[in-house]
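Peer 1: Coordinates for the following, if possible.
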Amino acid sequence: MNYWFVFHKNDVLLKQTADGTYTIPFGDSCPFCLNEGAHVLNVTPMADGTLVNALETSENVDSAGYGWCDLRKSHYKLSPELYQKAGKCHELLYWDINTQYCGRCGEKLVMDTEISKVCPKCGKLSWPLLATAIIVLINKGDNLLLVHAKNFKTDFYGCIAGFVETGESLEEAVQREVMEETSLKIKNLRYFKSQPWPYPCGLMVGYFAEYESGELKLQESELSKGGWFHKDALPTIPEKLSLARMLIDRWLEEHA
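Peer 2: So this is what the prediction gives:
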């Protein structure tokens, strides 16, 4: 008996149980007929040993008792374990679809292990790529620096964030991103936690920091608005599934 993590674009297939909760389809076979040539990935089993399969379908299939749910929104319907596994499956499917040919000689790649491909011609191995990004919550006394990025789809304010560049440490990336996006210097950098972010293949690394010096000047190419907000008068903040929200909630708990 396997879990079947089935995706159509950014939606994951869920099954509603008798008590009204949701889970991932479970059984000896996929809950619907597979497309001809469908590539089913074997993914690391669940903690209890239950096997896991993942596949992408090009059709928005409909079946009684099943329904599609945006991967982000599935955070609020699935158990933490199933949501995290869904994220991993989504990342692996993204890698599988976008890594078809050898970057050295152009030969068609074949699966080598569950998370790697090999070129049958030159032997080059290809592994899933992981885009590492830092995110930092900065405070100045009881005020928090919150910003609205231009790529945000709704009107909420989050934390300074950016991708780690080749050849720099996580801490150097934090300092650089803060300077680039706000023209501020920070101090007392403190690690919080990390979070897989499968949209489509990220790892977020969270930090706290304190304001040191400088005048706030937003990077207009990245940020549309932002500023210092008192802890008792915050704007709309991100959803609870995000590391940005976890940073804000933890800071508020520590400074209640």
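
Peer 1: remind me which residues of the stretch 101-250 of the chain are low pLDDT?
Peer 2: The stretch 101-250 of the chain contains no residues with pLDDT under 70.

Peer 1: at 90 what do you get?
Peer 2: Applying pLDDT under 90 to the stretch 101-250 of the chain flags residues 153.

Peer 1: in it, which spans are strands?
Peer 2: Using DSSP state E, counting those that start in this stretch, the strands of the stretch 101-250 of the chain run over residues 110-113, 116-118, 125-126, 131-140, 143-149, 160-163, 185-197, 202-213, 223-230.

Peer 1: between those strands, which gets nearest to residue 69?
Peer 2: With C-beta to C-beta, the closest approach to residue 69 among the strands of the stretch 101-250 of the chain belongs to strand 185-197: 17.9 Å. For the C-beta atoms, the positions are set from N, CA and C on the backbone; glycine is no exception.

Peer 1: what does the closest one contact?
Peer 2: For strand 185-197, the external contacting residues (C-beta atoms under 8 Å, 6 or more residues apart in numbering) are 84, 87-88, 91, 133, 136, 138, 171, 174-175, 178-179, 202-214, 242-243, 246-247, 250.

Peer 1: The same query, at a cut-off of 7 Å, please.
Peer 2: 84, 87, 138, 171, 174-175, 178, 203-214, 243, 247, 250 (C-beta atoms under 7 Å, 6 or more residues apart in numbering).

Peer 1: again, but for stretch 112-126
Peer 2: 42-44, 92, 99, 102, 104-105, 107, 109-111, 127-128.

Peer 1: Among those residues, which lie within helices?
Peer 2: Judged by DSSP state H, these include residue 92 as members of helices.

Peer 1: Weed out the non-buried ones from the contacts of stretch 112-126.
Peer 2: Neighbour counting by 16 or more other C-beta atoms under 10 Å classes 43, 92, 99, 102, 109, 128 among the contacts of stretch 112-126 as buried.

Peer 1: What's opposite the first one in the beta bridge?
Peer 2: Going by DSSP bridges, residue 43 is paired in beta bridges with residue 52.

Peer 1: quick one: contacts for it?
Peer 2: 52, 53, 54, 88, 89, 92, 114.

Peer 1: buried subset of these?
Peer 2: Buried, going by 16+ other C-beta under 10 Å: 52, 53, 54, 88, 89, 92, out of these.

Peer 1: will you turn these into JSON lines that also has distance to residue 160 and pLDDT?
Peer 2: Below are those laid out as JSON lines (distance: C-beta to C-beta, whole Å; pLDDT from 0 to 100):
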{"residue": "52", "distance to residue 160": "35", "pLDDT": "98"}
{"residue": "53", "distance to residue 160": "39", "pLDDT": "97"}
{"residue": "54", "distance to residue 160": "33", "pLDDT": "97"}
{"residue": "88", "distance to residue 160": "27", "pLDDT": "97"}
{"residue": "89", "distance to residue 160": "30", "pLDDT": "98"}
{"residue": "92", "distance to residue 160": "30", "pLDDT": "97"}
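
Peer 1: now, which of the residues you listed sits nearest residue 254?
Peer 2: Using C-beta to C-beta, those come closest to residue 254 at residue 88, 30.9 Å.
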